[in-house]
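give me the fold of what follows.
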Amino acid sequence: MEEISEHETPQERQERIKFRVSRFIEDKLIQAVRLRWEAVQSGNDIDIVQCLQNVWPEDDGAAWQRKPRFTVSHLDEVFSVRFEGESNEYDSAARLMTIAVGNLRRATTLEESEGVLLGVIEAVYHEAEHIYNPGSGLEPVDIPETIEYLGNPGEIEAHGRQFAYRYRREFPGEPFDVQKMAKLSEKIKNSGKGNRYYNYFVAFADPIKQQSYKDFGDVQCIYEKIVEATKRHLQILSAHAEEK
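Residues are numbered from 1 along each chain as shown. Below is the predicted model:
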């Protein structure tokens, strides 16, 4: 159990736990990917979940076998994680996250695995936020539902935290710059790995789009909120990363 300041506020406690949980899972995923490719080079292509079990012994694989639950238990709250093929989900009451690793299973080179891993870790930071800040239950199928989903306060916070993580990776040590974020969003969209980045930081920032979408929601307001949330989460992540 880590030492906790007696002056810590409830909000500070949540931020500390979210950061520790996210970083812990991130480290385990990185170790598991490395282990898998060491095995591949030796002629043994083992599953990524098996690799996670090897580097993360705190799991109940004996009880759940095909879908073990891994625990983060060294904090003052116990979190659990399960790894599915395609599903990223959360259960706030159970303090349980489900993270999709299907693309890691399908990766055929180490370079491809490392590219996929970045998206998986983003999902970890996103779902960890949802444990304390639930989002929308919508699975958008059209423009009105997409705007409703992206404008949900919990989704803004979770995406903001996810985007802050990615921004730190791309621009380490730099303060938030919305123009850099917009260019990064276009790059991610063009690679086929993130329309939500583009919607938040490019489409919703466009006055023409703001006008054409006005019957479905105030996308200018959503844009302003995601900018504020991403900047704030970047400051929080950076502050915690500098702690001893």
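
output the lowest mean pLDDT helix or strand found in the chain.
helix 61-64 (a mean of 56; mean pLDDT, DSSP states H and E).

what is the end-to-end distance of stretch 129-137?
15 Å (Cα to Cα, to the nearest Å).

ok, and what's touching that stretch?
Here stretch 129-137 makes contact (Cβ atoms under 8 Å, 6 or more residues apart in numbering) with 14, 18, 79, 90, 92, 95, 97, 148-149, 152-155, 157-158, 161-162. Just so you know, the C-beta spots here come from the backbone N, C-alpha and C atoms, and that holds for glycine as well.

filter those down to the buried ones, PyMOL style.
Remark: buried members of these, expressed as a PyMOL selection using 16 or more other Cβ atoms under 10 Å:
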select buried, resi 14+18+79+90+95+97+148+149+152+155+157+158+161+162
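
longest helix in the protein, by number of residues?
If each helix of the chain is counted by residues according to DSSP state H, the longest one is helix 10-41.

buried residues in that one?
By 16+ other Cβ under 10 Å, the buried positions in helix 10-41 come out as 13-26, 28-29, 32-37, 39-40.

ok, now stretch 78-85?
Phe79, Ser80, Val81, Arg82, Phe83.

check stretch 213-221 too.
Quick answer for stretch 213-221 (16+ other Cβ under 10 Å): Tyr213, Gly217, Val219, Gln220.

among those, name the ones in helices.
Val219, Gln220.

ok, so of the buried residues of stretch 213-221, who is nearest Val120?
Of all the buried residues of stretch 213-221, Val120 sits closest to Val219, with 28.5 Å by Cβ to Cβ.

the closest residue to that closest one other than its chain neighbours - how many residues pack around it?
Of all residues not flanking Val219 in the chain, Phe204 sits nearest, at 4.2 Å (Cβ to Cβ, 6 or more residues apart in numbering). Residues within reach of Phe204, counting by other Cβ atoms under 10 Å, total 25.

pretty sure Phe204 is in a helix, no?
Yes - assigned with DSSP: H, G, I helix; E, B strand; the rest coil, Phe204 falls within a helix.

Glu38 versus that one, what's the distance?
43 Å (Cβ to Cβ, to the nearest Å).

low-confidence ranges, the protein, go.
For the chain, the stretches with pLDDT under 70 are 1-6, 61-66, 244.

mind listing the helices in it by residue range?
Using DSSP H, helices in the chain cover 10-41, 48-55, 61-64, 102-106, 110-132, 143-150, 153-170, 178-190, 195-201, 207-212, 219-241.

before I go, just wanted to say thanks for your time.
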